[in-house]
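*Asks:* no sequence on this one, just coordinates:
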DNA sequence: ATGGTCGACTCTCGA
């Protein structure tokens, strides 16, 4: 029985993460790897590195900030960048989608928002609303569709450490969480929670928090969501903490999902 | 547990 492994990983600079990526891609044998915060323009994106490991790769980035990519050892078809909705900014370095083995893969790096009174937070809320419209325009609820990425939202109290202290945080504010649930309500299942309902499961540990990983002070803000037809084929979904114990880790770690083919 | 680090690129910003 064939399986397909799809992962999301905020690498915090793809070029500085090449040693971690090499080790992780070879040990995980991931089939579809969605990256965020590649932090490089396309001219200096290390496409040859992925190709040398037998992966195709599509990407769109900018200098120092943002940037998304999809790598796969299967053909990558029908690639789109940004919202294509005529609204500025088009967010081409935060949103990339493609079709791989008949699965529609949407990879997003959603704005963090800075603070709830900052204009970037309004952009973040607008980003989620535009995601809902993108799904309406391009997909049907019956499609095999997977939406992954760093979404900069921790959906519930068990997705953060000390939720009471985070009520006004841009990744945990009520308005944002309600909106996220609304967009998910288009037809998505949280694949991670389907398989791991318990607390203490995080994908991001702040570099600034001393021994955050050891003390498990983190956030679950990297998500794997799928439509029910694809979601019913999921076998497992988990956070792989290994890359956080390696040299030069990202502040995020891969979230991995496995589906029956 | 966003004072306390890391990455890219300047000498500061974003997360």
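*Replies:* Great, that's in hand. Note that the coordinates shown come from a computational prediction; the quantities given were computed from them, not determined experimentally.
*Asks:* quick one, phi psi at the residue of the stretch 1-150 of chain A found nearest DNA strand B?
*Replies:* Going by Cβ to the nearest atom of the strand, DNA strand B is nearest to residue A:13 of the stretch 1-150 of chain A, at 2.9 Å. C-betas here are computed from N, CA, C, even on glycine. Backbone geometry at residue A:13, expressed as degrees, to the nearest 10, gives phi 90, psi 110.
*Asks:* Excluding sequence neighbours, find me the nearest residue to it.
*Replies:* residue A:39 (4.4 Å; Cβ to Cβ, 6 or more residues apart in numbering).
*Asks:* so who does the one you found touch?
*Replies:* Applying Cβ atoms under 8 Å, 6 or more residues apart in numbering to residue A:39 gives the contacts A:12, A:13, A:14, A:15, A:61, A:64, A:65, A:66, A:67.
*Asks:* how about a cut-off of 7 Å?
*Replies:* By Cβ atoms under 7 Å, 6 or more residues apart in numbering, residue A:39 lies in contact with A:13, A:14, A:61, A:64, A:65, A:67.
*Asks:* burial measure for the residue in the stretch 51-200 of chain A positioned nearest to DNA strand B, as a count.
*Replies:* When scored by Cβ to the nearest atom of the strand, the stretch 51-200 of chain A has residue A:162 as its residue closest to DNA strand B, at 2.6 Å. Using other Cβ atoms under 10 Å, residue A:162 has 8 neighbouring residues.
*Asks:* Contacts only, for it.
*Replies:* No contacts exist for residue A:162 under Cβ under 7 Å, 6+ apart.
*Asks:* ok, back up a step: can you flag the buried ones in the contacts of residue A:39?
*Replies:* Neighbour-count burial (16 or more other Cβ atoms under 10 Å) applied to the contacts of residue A:39 gives A:14, A:61, A:67.
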